[in-house]
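A.B. asks: dropping the sequence and predicted coords here.
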Amino acid sequence: MPKPTVIPFQQAVERLQGKVLVPSPLRSAEWEGVPLAIRERSLWSSGIEKIRVLDSMRTKLLQAVKPDGTGPFMDRSKFVADMRRELGAIADGTKGSLEDISSIRRLQLIYDFQVEDANSYGRWKMEQDPELLDEYPCQEFLRVESRIKERLDWVARWQAAGGQLYDGRMIARKDDPVWIKLSRFGRPWPPFDYGSGMGIEDIHRSEAEDMGVIAKGEKITPAEEGFNKELKASTAGLSPQARELLADFFGDRVNLSGDTASLEDVA
């Protein structure tokens with residue numbers, strides 16, 4: 001079977017459309033303490049407390065991940081310019097910190113992260129097809145974009161997450177838990193950290209078998225199954241105190257029932 005080259009835009013659009021807008025004062029480090037099941041259902045950005053800002057961002061991001069001629073054109077520079085205008089930015093935006101929502105750097109980060117996440121999710125969903133998994137059962141973690149200052153600890157992080165090296169390359173089966181453990185966000189698709197420039201590349205079965213990453217003819221399970229287990233596990237061990245804190249913050253938007261968590265849209 002030939003490897004598909006078209007990114008499934010519809011699934012990227014559905015990922016963005018399906019997220020609940022969650023305005024909050026929480027910073028990124030604080031959001032990392034929120035259960036994965038809730039983070040996966042939310043569209044948020046560090047320190048943004050106005051739902052209209054999040055709504056406007058999502059509208060523009062949807063235009064960016066749907067470049068099929070059915071809607072207004074949107075790219076990174078237009079997203080930044082339009083959002084700065086809406087936010088009433090006065091300074092030129094080149095010296096603002098990441099905490100300044102109107103700074104060019106912060107808005108570029110939001111655009112890059114959300115667009116990459118949506119498109120990578122679409123690709124990940126598509127590749128759960130059993131025939132594709134059989135043809136390309138493994139993938140390599142590698143640099144896909146250069147950076148002025150590249151992180152030098154990725155091999156160490158890979159090994160700390162349980163990954164092995166094959167001739168110095170970071171390669172694993174697609175159903176290996178290393179992908180979830182490697183990610184700062186607890187997801188088995190890119191981005192694995194903010195602005196990292198790291199990504200994945202499919203490895204054909206013949207190459208993976210020759211390198212010993214997977215046994216000859218061995219089948220793998222869809223990675224979706226493992227990820228769904230992680231989502232459930234993210235709320236299963238919550239203490240009564242943690243549940244109370246979530247209820248205090250999210251109010252009636254969060255529903256914690258047993259080992260599941262769900263969010264409702266803000267009216």
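C.D. replies: Structure's in. What do you need? Residues are numbered from 1 along each chain as shown.

A.B. asks: from what I can see Glu40 touches Asn228, true?
C.D. replies: No. The pair Glu40 / Asn228 is not scored as a contact, 10.4 Å apart, by C-beta atoms under 8 Å. Using the backbone N, CA and C atoms, a C-beta is placed for each residue, glycine as well.

A.B. asks: so which of these two has more stuff around it?
C.D. replies: Between Glu40 and Asn228, Glu40 has the larger neighbour count (other C-beta atoms under 10 Å), namely 20 against 12.

A.B. asks: run a quick neighbour tally on the closest residue to that one other than its chain neighbours.
C.D. replies: Nearest non-adjacent residue to Glu40, counting by C-beta to C-beta, 6 or more residues apart in numbering: Leu231, 6.4 Å away. As a burial measure, Leu231 scores 21 neighbours (other C-beta under 10 Å).

A.B. asks: now do Lys95
C.D. replies: By the criterion of other C-beta under 10 Å, Lys95 has 10 neighbours.

A.B. asks: got the contact list for it?
C.D. replies: Contacts of Lys95 were listed using C-beta atoms under 8 Å, 6 or more residues apart in numbering, and they are Ser103.

A.B. asks: which SS state does it fall under?
C.D. replies: Lys95 falls in the coil class when you classify it by DSSP: H, G, I helix; E, B strand; the rest coil.

A.B. asks: how much space between it and Leu245?
C.D. replies: Distance of Lys95 to Leu245, given as C-beta to C-beta, to the nearest Å: 36 Å.

A.B. asks: about what we covered before: in which helix or strand would I find the residue nearest to Glu40?
C.D. replies: Assigned by DSSP states H and E, Leu231 belongs to helix 223-236.

A.B. asks: just the angle for the host helix or strand of Asn119 relative to helix 223-236, thanks.
C.D. replies: Following DSSP H and E, one finds Asn119 within helix 104-126. Orientation note: helix 104-126 sits at an angle of 120 degrees relative to helix 223-236 (axes from the mean of the first three to the mean of the last three C-alpha atoms, to 10 degrees).

A.B. asks: any idea of the mean pLDDT in helix 104-126?
C.D. replies: The average pLDDT within helix 104-126 is 94.

A.B. asks: what comes into contact with it?
C.D. replies: With contact meaning C-beta under 8 Å, 6+ apart, helix 104-126 is reached by 4, 7-13, 15-16, 45, 57, 61, 64-65, 76, 79-80, 83-84, 93-94, 96-101, 132, 187-191, 194-195, 223-224.

A.B. asks: just the buried residues out of the residues you listed, in PyMOL syntax.
C.D. replies: Remark: buried members of the contacts of helix 104-126, expressed as a PyMOL selection using 16 or more other C-beta atoms under 10 Å:
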select buried, resi 7+8+11+12+13+15+16+45+57+61+64+65+79+80+83+84+93+96+100+101+132+187+188+189+190+191+223
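
A.B. asks: so which of the contacts of helix 104-126 are in helices?
C.D. replies: 9-13, 15-16, 57, 61, 64, 76, 79-80, 83-84, 132, 223-224 (DSSP state H).

A.B. asks: rewinding a little: what's near enough to touch the residue nearest to Glu40?
C.D. replies: Leu36, Ala37, Glu40.

A.B. asks: and it, how far from Lys95?
C.D. replies: Leu231 is 40 Å from Lys95, by C-beta to C-beta.

A.B. asks: send me the helix holding Leu231 as CSV with only the CA atoms.
C.D. replies: This file holds the C-alpha atoms of helix 223-236, laid out as CSV (Å, rounded to 0.1, in the frame of the first residue of the first chain):
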residue,chain,number,x,y,z
ALA,A,223,-1.9,3.5,19.3
GLU,A,224,-5.3,5.0,19.9
GLU,A,225,-6.1,2.3,22.4
GLY,A,226,-3.1,3.1,24.6
PHE,A,227,-3.9,6.8,24.4
ASN,A,228,-7.5,6.3,25.5
LYS,A,229,-6.2,4.3,28.5
GLU,A,230,-4.0,7.3,29.4
LEU,A,231,-7.0,9.6,29.2
LYS,A,232,-8.9,7.4,31.6
ALA,A,233,-6.0,7.0,33.9
SER,A,234,-5.5,10.7,34.1
THR,A,235,-8.6,11.1,36.3
ALA,A,236,-8.7,7.6,37.9
